[in-house]
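*Asks:* Provide a 3D model corresponding to the input given below.
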Amino acid sequence: MRPLRGVIPILNSAFLDNGDIDLYSQQKLVEFLLESGVGGIALFGTASEGYTLSAAERDCILKMVLKVVNGSIPIVVSTGATGTRLAADQSVAAQEAGADALMIVPPYYLKPDGAGVRHYFETIAARVTIPIMIQDAPVMTGVTMPASLLAGLCKDAERIQYVKIEHPPTAPKITAFVNEVGSAGFAFGGLNGQFLIEEVRRGSIGVMPGSDLADQFQKLWLLLEQKQYEMAQSFFNICLPLLRYELQPGLGVSTMKTNLVRRGIFKSAVVRHPTLSVDKHAIQEIDALWNQIERYQPAQAAHS
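*Replies:* Okay, here's the model as predicted:
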């Protein structure tokens, strides 16, 4: 598998108005991501509402994604559980189903200490043969993992190669991780790319936002790779109000889906409980924020 790098969006899950899986819209989203030129696709993370999907639904979505992508870009599958054995079994199953890499959260119900976190990830790493990305998201999991622990896991466990750092403030933690890990591991940014530019300039090699703005993130990424920082900052400033809107606790996924409907990719913005839905006023606000992005498309960003 080629190394993970660049924009790897979290695939939002498409539902019909009755809450069932909408595979037609789901495939349209995958095709949109491929057309955007992203570096990979991640499944079943927070923005996917993975916590609401049954095992059968996850299997169905993964099979469809693998068929459409057809090996053109890496597929990262999110796994993890409080039980170490269960998390390892889920990770093996995802590998056998076709995942190119795994994104794994730490145990989030019974929260172990550093030694327990190390045992958990090293146990999983010993069971799989594909790369592992640790998801460092203490706001969601309640588990704090210092940069030294993350770097140590990358150094000591061959399969652990990446960390998605969503522990605010993210930029200083990326600096600490990059300084300690050397070439043994690599950092990705999360939190919907809110600090993408700062993270890249501190050594991050990618970002994992939601799917609705994947094409805009790809334009930003190309500008950053070309070190056109001033133009990237100007374009990012236009995108930032919508990114900020999407980071509202509990409402981010619904905002992304509303924008995917606005862009003609999803038929419905339905989310599954306990995910919250935006109200009618928010729909107008989201439209206005997207229109602002649509009006501002610098030629260099659009055609890089």
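*Asks:* Going by C-alpha atoms from here, please, whenever you check contacts or count neighbours.
*Replies:* Noted.
*Asks:* could you pull out the strands for this protein?
*Replies:* Listed in chain order, the strands of the chain (DSSP state E) span 6-7, 41-43, 75-79, 101-104, 132-136, 160-165, 186-189, 206-207.
*Asks:* what about the fifth one, distance to the chain center?
*Replies:* The one in question is strand 132-136. The chain centre lies 11 Å from the centre of strand 132-136; the measure is Cα atoms, centre = their mean, to the nearest Å.
*Asks:* That strand pairs with which strands, parallel or anti?
*Replies:* Take DSSP bridges as the rule and strand 132-136 pairs in its sheet with strand 101-104 (parallel), strand 160-165 (parallel).
*Asks:* do the third one as well
*Replies:* Using DSSP bridges, the strands paired with strand 75-79 in its sheet are strand 41-43 (parallel), strand 101-104 (parallel).
*Asks:* picking that back up, to Ala88, which of the strands of the chain lies closest?
*Replies:* Nearest to Ala88 among the strands of the chain is strand 75-79; the distance by Cα to Cα comes to 8.6 Å.
*Asks:* Need the residues that contact that closest one.
*Replies:* Strand 75-79 is contacted by residues 40-45, 66, 87, 90-91, 94, 99-105 when judged by Cα atoms under 8 Å, 6 or more residues apart in numbering.
*Asks:* for stretch 153-161, same thing?
*Replies:* Outside of stretch 153-161, the residues within contact range by Cα under 8 Å, 6+ apart are 118, 121-122, 125-126, 128-134, 162, 181, 184-186.
*Asks:* One more: stretch 29-37?
*Replies:* Leu11, Ile41, Val65, Val68, Val69, Ser211, Ala214, Asp215, Gln218, Ile265, Phe266.
*Asks:* Gly40 versus Asp215, what's the distance?
*Replies:* The gap separating Asp215 from Gly40 is 13 Å, by Cα to Cα, to the nearest Å.
*Asks:* do the same with Pro131
*Replies:* Remark: distance between Pro131 and Gly40 (Cα to Cα) = 14 Å.
*Asks:* Val181 now?
*Replies:* Distance from Val181 to Gly40, counting by Cα to Cα: 23 Å.
*Asks:* Would you mind checking the contacts of stretch 153-161 for buried ones?
*Replies:* Buried members of those, scored by 16 or more other Cα atoms under 10 Å, are 118, 121-122, 125, 128, 130-134, 162, 181, 184-186.
*Asks:* most neighbours, which of the contacts of stretch 29-37?
*Replies:* Among those, Ser211 has the most neighbours (other Cα atoms under 10 Å), with 28 neighbours.
*Asks:* That one and Ser54: what is the separation?
*Replies:* From Ser211 across to Ser54, the span is 21 Å (Cα to Cα).
*Asks:* Glu180 too?
*Replies:* 39 Å.
*Asks:* So for those two, which residue has more residues nearby?
*Replies:* Neighbours were counted for Glu180 and for Ser54 using other Cα under 10 Å; Glu180 has more, 18 against 10.
*Asks:* who touches that one in this structure?
*Replies:* Ala147, Ser148, Ala151.
*Asks:* okay, those in JSON lines with neighbour count, distance to Val207 and pLDDT next?
*Replies:* As requested, the contacts of Glu180 are exported to JSON lines (neighbours: other Cα atoms under 10 Å; distance: Cα to Cα, whole Å; pLDDT from 0 to 100):
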{"residue": "Ala147", "neighbour count": "22", "distance to Val207": "18", "pLDDT": "98"}
{"residue": "Ser148", "neighbour count": "15", "distance to Val207": "21", "pLDDT": "98"}
{"residue": "Ala151", "neighbour count": "24", "distance to Val207": "19", "pLDDT": "98"}
